[in-house]
Each structure stands twice: as C-alpha cells, then as structure tokens.
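[1] need a structure here:
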Amino acid sequence: MVMGVEPSPLTVLAGIDPGGHTLGLSYMTVDVRDGSIVSVDSMTIESDRLPDGMSGLEVSQSERYNRLYRLQVRLVEEFKYYKPSIVVCESPFFNRFRPMAYGSLSELLSMIRTSVVLYDNTTPFKTYSPSEIKKGIHAGHISDKKAMQNAIKKLTEITEVLTKPISQCSEHEIDAIAACYTHLNVFRTYLKGELKWYNLRML
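    You can find the predicted model right below:
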C-alpha cells in the first residue's frame with residue numbers, strides 16, 4: 001500500500017446462477033463501512049456462443065467438457081476484470097425426479113470453483129441453497145422465476161443502482177443478483193455485531 005493513501009472502502013461481490021448452457025453472472029459493488037450498495041451489474045453468458053478456449057480441445061474432448069472449459073476461461077477473464085473479493089453461487093439442488101441433473105450441476109460447480117482459484121486462490125467461494133437465496137430476497141421458498149423478479153423489483157436499493165433496467169435482466173441474472181444480495185445481508189449482520197467474522201469468510 002502506498003504510504004498516506006487510504007484503502008478503498010468499496011469491494012465487489014460476484015454472484016452466479018449456475019447453468020451449463022446459460023449462466024447468470026452479477027457484480028455488486030458494496031461500501032464496506034455501512035454495507036450499502038453502490039452499483040449492480042449483470043450479464044448472461046451462453047456457453048455455446050463462446051469461442052473454443054484451447055486449439056484442438058473440441059475434437060480431443062467431449063462437447064460437454066469443451067463447453068465447461070469455455071465457461072471456465074470466460075469466468076476467469078470476468079473475475080480478473082471486475083476483481084471480486086468473494087464469489088457467491090447457488091448450490092446444486094437435488095430433484096428426485098431428475099437425479100442425473102444433480103451430477104451435472106455438481107460438475108459445473110467444481111468448474112466454477114476452479115475458475116475462482118485460477119483467478120485468485122485467496123478469494124473465498126461461498127454457496128447458498130436455492131431456498132436460502134429465495135429467503136434472502138424475501139421471496140417465498142417455492143417462488144418461480146417471475147416471483148423472483150418481482151421480489152427484486154421491490155428492493156429499491158438494488159433497482160436504483162442497476163446499470164440497466166430490471167426488465168432487461170434475464171431470469172439467470174436475477175438469480176445471480178439474488179445470490180449477491182443474500183450474502184450482503186449476512187455481511188450486514190456481521191456489521192451489527194451479530195455474526196463472528198470467522199462465520200463470514202468475506203471482505
């Protein structure tokens with residue numbers, strides 16, 4: 001640190017709604033002094049539209065592996081640009097009617113975790129269950145995508161600092177923003193003195 005220069009009070013949270021074909025990504029800039037939200041940016045990444053990350057990979061490995069690798073390369077690039085202090089992700093949900101999907105989501109989550117390590121191996125990676133995230137934005141535990149969007153719309157501290165209108169955010173971006181907001185509220189609990197720092201693993 002340069003002598004006489006105060007460290008920035010701003011930090012960036014990255015939120016992810018995992019999807020092998022379509023992934024939601026958000027960045028929430030927060031003032032650590034009071035937990036207020038400064039800005040929120042979001043995007044949707046479609047893996048099938050990403051360029052191959054390594055020459056020859058598309059013929060030497062399976063299409064699924066190649067798709068995950070493309071996502072990994074893109075995420076590392078995104079993290080290096082936005083420089084998040086933590087990456088928050090929705091954890092896989094086991095659906096007994098679609099048990100095979102859980103394995104695919106777990107593989108995707110492992111790839112996302114590796115992306116975080118490749119970006120900076122000191123950056124925490126935190127997961128929240130779908131029900132925790134729904135609760136985090138004050139939506140019902142069985143809320144659908146429309147209900148999630150309506151819940152975010154009611155949070156003016158988010159909508160007022162979004163870099164684009166909420167109507168232009170995909171359902172995947174909405175979930176990624178909700179993941180960030182869920183963790184932000186955990187941090188706010190810490191600021192109130194109601195949570196020990198070692199239970200936070202952030203900032």
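[2] use CA for all of it now, contacts and neighbours both
    Fine.
[3] can you give me the helices in the chain?
    Along the chain, the segments classed as helices by DSSP state H run 57-60, 63-82, 99-119, 130-136, 145-153, 156-159, 171-191.
[4] and the ones you listed as CSV, adding mean neighbour count?
    Converted to CSV, these look like this (neighbours: other C-alpha atoms under 10 Å):
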stretch, mean neighbour count
helix 57-60, 12
helix 63-82, 18
helix 99-119, 17
helix 130-136, 20
helix 145-153, 17
helix 156-159, 16
helix 171-191, 23
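[5] can you tell which of those is closest to S39?
    helix 156-159 (7.7 Å; C-alpha to C-alpha).
[6] Which strands or helices does that closest one pack on?
    Packing contacts for helix 156-159, counted by 3 or more C-alpha pairs under 8 Å, 6 or more residues apart in numbering; DSSP states H and E, involve strand 36-46, helix 145-153.
[7] looking at the ones you listed, which has the lowest confidence?
    Lowest mean pLDDT within the helices and strands packed on helix 156-159: helix 145-153, a mean of 87.
[8] relative to helix 171-191, how tilted is that helix?
    Per axes from the mean of the first three to the mean of the last three C-alpha atoms, to 10 degrees, the angle that helix 145-153 makes with helix 171-191 is 40 degrees.
[9] and of the helices of the chain, who's closest to V30?
    The closest of the helices of the chain to V30 is helix 171-191. By C-alpha to C-alpha, the value is 8.3 Å.
[10] contact partners of the closest one?
    With C-alpha atoms under 8 Å, 6 or more residues apart in numbering as the test, helix 171-191 has contacts from 13-17, 22-28, 34-35, 40, 42-44, 88-90, 128, 132-134, 136-137, 145, 148-149, 152, 195-197, 200, 202.
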